[in-house]
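Colleague: only geometry, no sequence info:
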């Protein structure tokens, strides 16, 4: 099993450009998450999806949109990128085994010029 | 806002020594988790301790939880170079809230 995969690994955008970060998991998890991590910081939740067809805002949702395409895939879209969105983005998923453990992807390093 | 705060922010020790990291949180919890992040990688779950537990072991890891002080500690015994990483505590259920992390460096 691949676990949680993310594409792309790296991306450079100009201010105002748009892009979609892709995430997929093959563990049949219901819950999926998007986080951002800024230098020297912990992770902050952008959006999450508790199940297919549902999405909810996290701590820092402004400037982002998400789509839970199906149970496997959860995408994050930046409609008009800003330099403040330069960060490393992590996708995660969580099973329903009751231990709350989240499984993380390798991250996408995004730079907005 | 961050729920947890790790202390220290950075820790550098010699290989073979023990490393202790602390986490404080603000609100009542059902459980607390610790994660490791190697440089440039995603987080990996290490251990979960429930609010009714005071101590938990997993290999060279020992986690304690003091709900009266709203704090937890992670002890790594007999450290190895491969333990060099950032360590984060996290609280919550459906949504996790992470601390800012402790950057641990093990010197050979």
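Modeller: Here it is on my side, so go on. Remember, it's a predicted structure, so these values are computed and weren't measured experimentally.
Colleague: residues from chain B in reach of chain A?
Modeller: Proximity of chain B to chain A (C-beta under 8 Å from any C-beta of the partner chain) is limited to residues B:1-2, B:4, B:9, B:31, B:33, B:40-45, B:48, B:88, B:92-101. C-betas here are computed from N, CA, C, even on glycine.
Colleague: mind checking how far the nearest residue to residue A:41 once chain neighbours are set aside is from residue A:16?
Modeller: With sequence-adjacent residues excluded and distances taken as C-beta to C-beta, 6 or more residues apart in numbering or on different chains, residue A:41 is closest to residue B:100, at 5.7 Å. Distance of residue B:100 to residue A:16, given as C-beta to C-beta, to the nearest Å: 31 Å.
Colleague: I figured residue B:85 was touching residue B:102, is that so?
Modeller: No - using C-beta atoms under 8 Å, residue B:85 is not in contact with residue B:102, being 9.4 Å away.
Colleague: Are we agreed that the residue nearest to residue A:41 is in a strand?
Modeller: No - according to DSSP: H, G, I helix; E, B strand; the rest coil, residue B:100 belongs to no strand; its state is coil.
Colleague: So it is in contact with residue B:5, correct?
Modeller: Yes - using C-beta under 8 Å, residue B:100 is in contact with residue B:5, at 6.6 Å.
Colleague: give the contact list for the residue nearest the centre of chain A.
Modeller: Among the residues of chain A, the one closest to the centroid is residue A:34, at 2.8 Å (C-alpha atoms, centre = their mean). Contacts for residue A:34 (C-beta atoms under 8 Å, 6 or more residues apart in numbering or on different chains) come out as A:21, A:23, A:45-48, A:58, A:64, A:66, A:74, A:76, A:89-91.
Colleague: List the beta-bridge partners for it.
Modeller: In this entry, residue A:34 is beta-bridged to residue A:47, residue A:91, by DSSP bridges.
Colleague: what's the spacing between it and chain B?
Modeller: Applying C-beta to the nearest C-beta, to the nearest Å, the value for residue A:34 to chain B is 12 Å.
Colleague: now swap in residue A:104 and tell me
Modeller: From residue A:104 across to chain B, the span is 3 Å (C-beta to the nearest C-beta).
Colleague: Residue B:76 and residue B:58 touch, don't they?
Modeller: No - between residue B:76 and residue B:58 there is no contact under C-beta under 8 Å: 10.6 Å.
Colleague: More neighbours: which of the two?
Modeller: Set side by side, residue B:76 and residue B:58 show more neighbours around residue B:76, with 23 against 11, by other C-beta atoms under 10 Å in any protein chain shown.
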